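Participant: Mind looking at a prediction? Sequence and model below.
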Amino acid sequence: MKLATYRKKSPWILHYNAGGCNGCDIEILACLAPKYDIERFGMINTGNPKQSDILLVTGPVTKRSRERLVEIYAQMPEPKVVVACGACASTGGVFRGMYNCEGGVDQFIPVDVYVCGCGTRPEQIIDGVVQALAILEQKNKDMEASVRLNTQPIAEDEQLNRRHVAASITPTPTV
Amino acid sequence: MAQQYEIPVGAQHISLLEPLHFKFTTENEKIVHTDANVYYVHRGIEKACCTKFKFRQVSFVVGRVCGLCSISHTTAYSQVAEKLLKIEIPKRAKYLRMLVIELDRIHSHLLCLSHVAENSGFEALFMKTMQYREFSMELLEAICGNRIQYDFSIVGGVARDLKPEVANQVLRRLDHFMPQLEELADIFRNNWTLSLKNKGVGAISRETALRLNVVGPFARAAGLAVDVRNETEDLLPWKEAGFEMVTETSGDVYARNMVRIRELYVSISIIRNIINGLPETPIVTETKAFPDGEAVVRLEAPRGELFYYAKGNKTQVLERLKIKAPTFSNVAAMVEAFRGNEYGSAPAIIASYDPCLSCTAR
């Protein structure tokens, strides 16, 4: 089974709205529709983080949705790619500095592709997701490559041993 | 009493566009109780509008309250600001605002219909509706310059004029859309598979709807003739443009679909009337005044009555801005209408409410 090949040809998308205005969300929905038809890249929208490869996040992260966002990201299996859709997911956009907004997805989870625009056009979303596919493939290669240690193991610890310098921890006898 | 189970839906779910949490208490398959939790996307826009932004910038900020009905928000804010500035906008600007609001209503209703079809398990109808919906997005792009977030209404008028070739294009595309709409209406009305998930599901009675203060297509499907377009005439001349009230009686998912489809016909006739009788006036009223006093505006967004309150104090920054979105009025009835239905129907019922939580939470 060449799982990596199938993953490249058929990545599954997970979409989460972290407090956006719905604008980018309906454009993601329009991507799935016949005119833009993101399914020709083998992509399918799934609601389950445990089966997804690409996480599409929209919206500035509100204080209530940030735990959900991190939880969803943590539940996705490796390798995974995060695409921040829209100006407010990338930087906070017009909501930056509002009292309940954190300003950008990359404050909490690593973002691989930033898609600009308010609202994002479907062409831009498709472009971002196709870029994400290349990153996904690279991450997959990195995971499968055998890991070799390039650095030499540390021969001698030159750090100051604080235990020798510090005062004795034996309690002073009370008189 | 049978054993009760609690089933959570959300905050992230395949059938939801936005973070929304429902906790269903079920007995066997029947839903006996529902808890709704809608404030995941609160951003604090009202506070920012009163501190960070000048009153002319606010119309662009409130557009970002909701991407689906952004033109309703920008128009309602522009109207309330014009009331504070005590200016009258040109007639052409009013007509252009109505034109874009109706086009926005077409794309919003078609999105809702496609979503109902998808959540009822009819994926092909979802694809078909989304395919037919693209014409409205292209027309909005031709008129306003962007597919969503049009920023069309500004304080004192509208940002762009309608070019004659774009107007011709709108009429031509509407003619092209009419047979497609007939096809969709036929499927939504007569398809037997869809009727299993839609007819008699998620029903709410007229009395309950009245008691719980429902607005929008949700109320009109239950038989309440509530529509702001029918009530106010001073800000936007809806009746002059050919508005007709659409109501159904049964109050279930099927009735809500029918209300939306019949409203599409009304919207199309309004757009045709507007383009054929567009007055030749300037599109912006210039003023250097500052907002002063208090004002209230109501506007019919695609989901129901949108309410804006603003208070100015003769400075660049408003003192208070209050937004009451249509979905906020409907939350109580949304929880009520689940009762007695099967859990399997819940996604279709949620989609048929057409909830807009970024409006509600702001």
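Facilitator: Right, received. Where do you want to start?
Participant: For the chain, just list every one of the helices.
Facilitator: Using chain A. Counting by DSSP state H, one finds helices in chain A at the ranges A:3-9, A:23-32, A:66-75, A:87-90, A:122-144, A:162-165.
Participant: meant chain B actually
Facilitator: With DSSP H as the criterion, chain B has helices spanning B:45-51, B:58-63, B:70-85, B:91-119, B:123-144, B:164-190, B:192-198, B:206-211, B:216-221, B:228-231, B:253-276, B:326-337, B:346-353, B:357-361.
Participant: pLDDT below threshold where in chain A?
Facilitator: A:1, A:146-175 (pLDDT under 70).
Participant: quick revisit: closest one to residue B:153 among the helices of chain B?
Facilitator: Among the helices of chain B, the nearest to residue B:153 by Cβ to Cβ is helix B:70-85 (4.3 Å). (Each C-beta comes from the backbone N, C-alpha and C, glycine too.)
Participant: how about the nearest residue to residue B:256, chain neighbours excluded?
Facilitator: Nearest non-adjacent residue to residue B:256, counting by Cβ to Cβ, 6 or more residues apart in numbering or on different chains: residue B:221, 4.3 Å away.
Participant: Could you pull up the contacting residues of the one you found?
Facilitator: B:247-248, B:250-252, B:255-256, B:258-259 (Cβ atoms under 8 Å, 6 or more residues apart in numbering or on different chains).
Participant: farthest-separated two in those residues?
Facilitator: Longest span within the contacts of residue B:221, Cβ to Cβ: B:247 and B:252, 13.9 Å.
Participant: Might you enumerate the residues of the stretch 101-250 of chain B proximal to chain A?
Facilitator: B:111, B:114, B:126-127, B:130-131, B:133-134, B:137, B:146-149 (Cβ under 8 Å from any Cβ of the partner chain).
Participant: how many neighbours does residue A:78 have?
Facilitator: 8 (other Cβ atoms under 10 Å in any protein chain shown).
Participant: Let me see the contact set for residue B:25.
Facilitator: B:4-6, B:31-34.
Participant: Same question for residue B:63.
Facilitator: Contacts of residue B:63 (Cβ under 8 Å, 6+ apart): B:70-71, B:73-74, B:149-151.
Participant: Nearest residue to residue 107 in space, please, no chain neighbours.
Facilitator: Defaulting to chain A. Nearest non-adjacent residue to residue A:107 (Cβ to Cβ, 6+ apart): residue A:61, at 6.8 Å.
Participant: that's the wrong chain, I wanted chain B
Facilitator: residue B:136 (4.0 Å).
Participant: do residue A:123 as well
Facilitator: Closest to residue A:123 by Cβ to Cβ, 6+ apart is residue A:36, at 7.5 Å.
Participant: How many residues are close by the residue nearest to residue B:107?
Facilitator: The burial count for residue B:136: 26, using other Cβ under 10 Å.
Participant: Point to the residue nearest the middle of chain B.
Facilitator: By Cα atoms, centre = their mean, chain B has its centre lying nearest to residue B:302, at 2.2 Å.
Participant: For the residue nearest to residue B:116 when sequence neighbours are not counted, give me its contacts.
Facilitator: Spatial nearest neighbour of residue B:116, excluding adjacent residues (Cβ to Cβ, 6+ apart): residue B:351 at 4.6 Å. Residue B:351 makes contacts with B:15, B:112, B:115-116, B:118-119, as judged by Cβ under 8 Å, 6+ apart.
Participant: Among those, list the two that are farthest apart in space.
Facilitator: B:15 and B:112 (13.0 Å).
Participant: Could you check which of the two has the larger neighbour count?
Facilitator: Taking other Cβ under 10 Å, residue B:15 and residue B:112 do not tie; residue B:112 has more neighbours (24 against 16).
Participant: What does the pLDDT read for that one?
Facilitator: The model reports residue B:112 with a pLDDT of 88.
Participant: I'd assumed residue B:260 was in contact with it.
Facilitator: Yes - Residue B:112 is in contact with residue B:260 according to Cβ atoms under 8 Å; the separation is 6.2 Å.
Participant: how much space between the nearest residue to residue B:84 once chain neighbours are set aside and chain A?
Facilitator: Nearest residue to residue B:84, sequence neighbours excluded (Cβ to Cβ, 6+ apart): residue B:291, at 3.6 Å. For residue B:291, the distance to chain A (Cβ to the nearest Cβ, to the nearest Å) stands at 21 Å.
Participant: quick one, what contacts residue B:291?
Facilitator: B:55, B:81, B:84-85, B:310, B:312-314, B:318.
Participant: filter the residues you listed to the buried ones?
Facilitator: B:55, B:81, B:84-85, B:310, B:312, B:318 (16 or more other Cβ atoms under 10 Å in any protein chain shown).
Participant: Convert stretch B:261-279 to PDB, keeping the C-alpha atoms and dropping everything else.
Facilitator: C-alpha atoms of stretch B:261-279 as PDB (Å, rounded to 0.1, in the frame of the first residue of the first chain):
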ATOM      1  CA  ILE B 261     -38.200  29.800  -3.700                       C
ATOM      2  CA  ARG B 262     -41.200  32.100  -4.000                       C
ATOM      3  CA  GLU B 263     -39.200  35.000  -2.700                       C
ATOM      4  CA  LEU B 264     -36.700  34.400  -5.400                       C
ATOM      5  CA  TYR B 265     -39.500  35.200  -8.000                       C
ATOM      6  CA  VAL B 266     -40.400  38.400  -6.100                       C
ATOM      7  CA  SER B 267     -36.700  39.400  -5.900                       C
ATOM      8  CA  ILE B 268     -36.300  38.800  -9.600                       C
ATOM      9  CA  SER B 269     -39.300  40.900 -10.500                       C
ATOM     10  CA  ILE B 270     -38.100  43.700  -8.100                       C
ATOM     11  CA  ILE B 271     -34.700  43.700  -9.800                       C
ATOM     12  CA  ARG B 272     -36.300  43.900 -13.300                       C
ATOM     13  CA  ASN B 273     -38.500  46.800 -12.200                       C
ATOM     14  CA  ILE B 274     -35.500  48.700 -10.700                       C
ATOM     15  CA  ILE B 275     -33.400  48.400 -13.700                       C
ATOM     16  CA  ASN B 276     -36.200  49.300 -16.100                       C
ATOM     17  CA  GLY B 277     -37.100  52.400 -14.000                       C
ATOM     18  CA  LEU B 278     -33.800  53.600 -12.700                       C
ATOM     19  CA  PRO B 279     -34.000  57.400 -12.000                       C
END
